[in-house]
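J.: Let's see this in three dimensions:
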Amino acid sequence: MNYVCSNAKDALNFTHVNGKPIRIMFSHRDPSLRKSGYANLFIKNLDQAIDTKAFFETFSAFGTVLSCKIAVDHNENSKGYGFV
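T.: Numbers count the residues shown, from 1 in each chain. Okay, the predicted model is just below:
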């Protein structure tokens, strides 16, 4: 999984999605967690129009996605970041 996350991170970091450059980082700063075989990516600067399905499909092109979530406020509006 770490290899897949690295590929997705390298391929999509700073690319424009709906006109906005997204920023992708590992959500865990501890390298030993990344080496465990599972990694979690933090994606910020998401466009408000991106839905969970499009978010999932974007990253599933790089391998199996175990989970994906776009952070929303109490009105269900995107906060502009998510996790894969």
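
J.: Just name the shakiest helix or strand of this structure by mean pLDDT.
T.: Lowest mean confidence among the helices and strands of the chain (mean pLDDT, DSSP states H and E): helix 31-35, at a mean of 57.

J.: and after it, which helix or strand comes next?
T.: Later in the chain than helix 31-35, the nearest helix or strand by DSSP states H and E is strand 41-44.

J.: I'd like to know which elements that following strand is packed against.
T.: Counting contacts by 3 or more C-beta pairs under 8 Å, 6 or more residues apart in numbering; DSSP states H and E, the secondary-structure elements packed against strand 41-44 are helix 2-12, strand 23-26, strand 78-83. In short, each C-beta sits where N, CA and C put it, glycine included.

J.: Could you pull out the buried residues of the helix or strand following that strand?
T.: Towards the C-terminus, the helix or strand next in line after strand 41-44, according to DSSP H and E, is helix 52-60. Neighbour-count burial for helix 52-60, counted by 16 or more other C-beta atoms under 10 Å, picks out 55-56, 58-59.

J.: Just the C-alphas of helix 52-60, formatted as CSV.
T.: What follows is the C-alpha trace of helix 52-60 in CSV, where atoms were taken according to Å, rounded to 0.1, in the frame of the first residue of the first chain:
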residue,chain,number,x,y,z
THR,A,52,-16.7,11.3,-2.4
LYS,A,53,-17.3,9.2,-5.5
ALA,A,54,-15.0,11.3,-7.7
PHE,A,55,-12.4,11.5,-4.8
PHE,A,56,-12.5,7.7,-4.5
GLU,A,57,-12.2,7.1,-8.3
THR,A,58,-9.3,9.5,-8.6
PHE,A,59,-7.2,7.5,-6.1
SER,A,60,-8.4,4.0,-6.9
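
J.: for the buried residues of helix 52-60, which one is nearest V72?
T.: Of all those, F55 has the smallest distance to V72: 12.0 Å, by C-beta to C-beta.

J.: Now do the contacts for the closest one.
T.: Contact criterion C-beta atoms under 8 Å, 6 or more residues apart in numbering gives 43, 46, 68, 70, 82, 84 as the residues in contact with F55.
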